[in-house]
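Enquirer: Here is my input, please return the structure:
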Amino acid sequence: MQTAVIFTNIKQEIINNIKKANNEIKVAVAWLTDEDILRVLKQKSESGINVQIVISNAKENFKYTSKFKDFIRNQGKLYIATQKFMHNKFCIIDDKIIINGSYNWTYYACSSEENILVISIDKDIKEDAELLNKFNIKYNYFCNKISTLIVNSNELDNYKEIGKEQSIILAILDETEINLRQELEEDVKNSMNEAIAIKIPISALLLERMKLDGGGVEFIKRILYDEISSGDMKSGFRKLEEPVPHRVDLSLEFLVSRPKYQTLFSEKEVEFCRKLMAKYNL
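Expert: Residues are numbered from 1 along each chain as shown. This is a model prediction of the structure:
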């Protein structure tokens, strides 16, 4: 495997590698509005090379659709990720070159601080073959599971209306999650303080541990990982279980089981906590 990191003239590097393609080009980029790159992809498709593109359903991709329509008319395959926001930026060329990095294929990216890795693959080397396989599996997932194939180029006009304002949506989602994480940390502190107030010997050092772990979510995830892996509950939970009546409603596991916080945790973590709380009729 040979790897080159590129910080300057990224656009030209991408175009140069696309031009080397002999058989297949598979592109997955969140935003593709650079018509210079798209033109080269169309030309490769015209020449008989299998060219597939997956882009996000961000509205910015569909302000001008004429180049995408030309691409489709010239046998190019265009997929639009609609089930999840597709934020990747990678390209696989002839199963020999992988381009991956922060660079979106937009004019704006040319003036930003960006990077790409250009990875030359030797499929006879096990590590190279495994890496290539992982990218191909993910690409196939995009095409087959979360995307819509555009059969009629006129369908693109619909996305001018139904495409999402992703930059705004992502900012709102970030703000929402930040607030939710802060609320979780406050609830953890309140639960611990209430346990201490009713003489359940919960260590106040756990709050310091939470800070060291980077916040309430990571703190709880570490504890759940240990509990799920070992099958044994931590001593803090056992102490909340001992009183009659029990006070497991003050546990970290109880918070995870609540609908309010379930989006912060994996399905496995939530299911573990829900089943645990069901034993206590919570």
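Enquirer: ok, Leu240 - contacts?
Expert: Ala195, Ile200, Ile202, His246, Arg247, Val248, Leu250, Ser251 (Cβ atoms under 8 Å, 6 or more residues apart in numbering). C-beta: built from backbone N, CA, C; applies to glycine.
Enquirer: which ones among those are found in helices?
Expert: Among the contacts of Leu240, the members falling in helices (DSSP state H) are Ala195.
Enquirer: Filter the contacts of Leu240 down to the buried ones and express that as a ChimeraX selection.
Expert: Per 16 or more other Cβ atoms under 10 Å, the buried members of these correspond to this ChimeraX selection:
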select :195,200,202,247,248,250,251
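Enquirer: which stretches of the stretch 101-250 of the chain have low pLDDT?
Expert: Low-confidence segments of the stretch 101-250 of the chain, defined by pLDDT under 70: 160-174, 211, 213-215.
Enquirer: Which residue ranges of it form strands?
Expert: Using DSSP state E, counting those that start in this stretch, the strands of the stretch 101-250 of the chain run over 116-120, 147-149.
Enquirer: picking up where we left off before, show me which of the contacts of Leu240 is closest to Phe7.
Expert: Ser251 (48.4 Å; Cβ to Cβ).
Enquirer: Torsion angles phi and psi at that closest one?
Expert: When read as degrees, to the nearest 10, the backbone of Ser251 gives phi -80, psi 160.
Enquirer: same deal with Ile6?
Expert: Dihedral angles for Ile6 - degrees, to the nearest 10 - are phi -120, psi 130.
Enquirer: Repeat that for the one 10 residues further on.
Expert: Backbone dihedrals for Asn16, given as degrees, to the nearest 10, come out at phi -60, psi -40.
Enquirer: one step back: farthest-separated two in the contacts of Leu240?
Expert: The largest separation in the contacts of Leu240, counting by Cβ to Cβ, is between Ile202 and His246 at 13.9 Å.
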